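Novice: This is a predicted model, with the sequence first.
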Amino acid sequence: MGKNANSSRRGPTGPRGETRERILAAANEAFTELDYKHATYREIARRAGVDPALIAYYFRSKAQLLRESLALPGDPKQLMTAALADGPPEETGHRLAATILNTWEQAATAGTLETLFNLLL
């Protein structure tokens, strides 16, 4: 009985939303500094100062964490799949470019996409 009631409590312990925001900030930092593979739950948790299990508590998948941490408007895989598959094959390049440029023009994602493209180059 040496433990108090709070020490065995599961889940976040900080003010509502604070832990989630720390995870998002740490994930943004990790995804922009490292590649997707090396930005592990453990690395992100270390940067956020939380238990890795809290990442799964807040986010369904690593892809969702990436999307939210980089403030992307939608699932990049779905956006690109739609651009590649929807319409005549001879217009694929145009659709792909339009998807990228339309996303780039959104103020909330312009900096993020620039970071992503710089990582690819």
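Specialist: That came through, no problem. Numbering: from 1, shown residues only.

Novice: buried residues in stretch 53-62?
Specialist: The neighbour-count check on stretch 53-62 (16 or more other C-beta atoms under 10 Å) flags 54-55, 58-59, 62 as buried. Where C-beta positions appear, they are placed from N, C-alpha and C, glycine not excepted.

Novice: residue ranges for the helices of the chain, please.
Specialist: For the chain, helices defined by DSSP state H occupy the ranges 18-33, 41-48, 53-58, 62-69, 76-85, 92-105, 110-120.

Novice: With mean pLDDT as added columns, please give these in JSON lines.
Specialist: Formatted as JSON lines, those follow (pLDDT from 0 to 100):
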{"stretch": "helix 18-33", "mean pLDDT": "90"}
{"stretch": "helix 41-48", "mean pLDDT": "96"}
{"stretch": "helix 53-58", "mean pLDDT": "93"}
{"stretch": "helix 62-69", "mean pLDDT": "86"}
{"stretch": "helix 76-85", "mean pLDDT": "79"}
{"stretch": "helix 92-105", "mean pLDDT": "79"}
{"stretch": "helix 110-120", "mean pLDDT": "60"}
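
Novice: State the distance from L66 to E90.
Specialist: The spacing between L66 and E90, counted by C-beta to C-beta, to the nearest Å, is 32 Å.

Novice: next one: R42
Specialist: 46 Å.

Novice: With neighbour numbers in mind, choose between the two.
Specialist: When R42 and E90 are compared for neighbours, R42 comes out ahead with 11 against 7, by other C-beta atoms under 10 Å.

Novice: Name the nearest residue to that one, sequence neighbours excluded.
Specialist: With sequence-adjacent residues excluded and distances taken as C-beta to C-beta, 6 or more residues apart in numbering, R42 is closest to P52, at 5.3 Å.

Novice: for A82, same thing?
Specialist: Per C-beta to C-beta, 6+ apart, closest to A82 is T99, 7.5 Å.

Novice: Just to check, that neighbour is in contact with L79?
Specialist: Yes. At 5.6 Å, T99 and L79 qualify as touching, with contact defined as C-beta atoms under 8 Å.

Novice: mind giving me the domain ranges of the protein?
Specialist: The chain breaks down by automatic domain parsing into domains covering 18-69, 76-120.

Novice: which one of those domains has the most crowded surroundings?
Specialist: The highest average neighbour count among these, using mean count of other C-beta atoms under 10 Å, belongs to domain 18-69 at a mean of 17.
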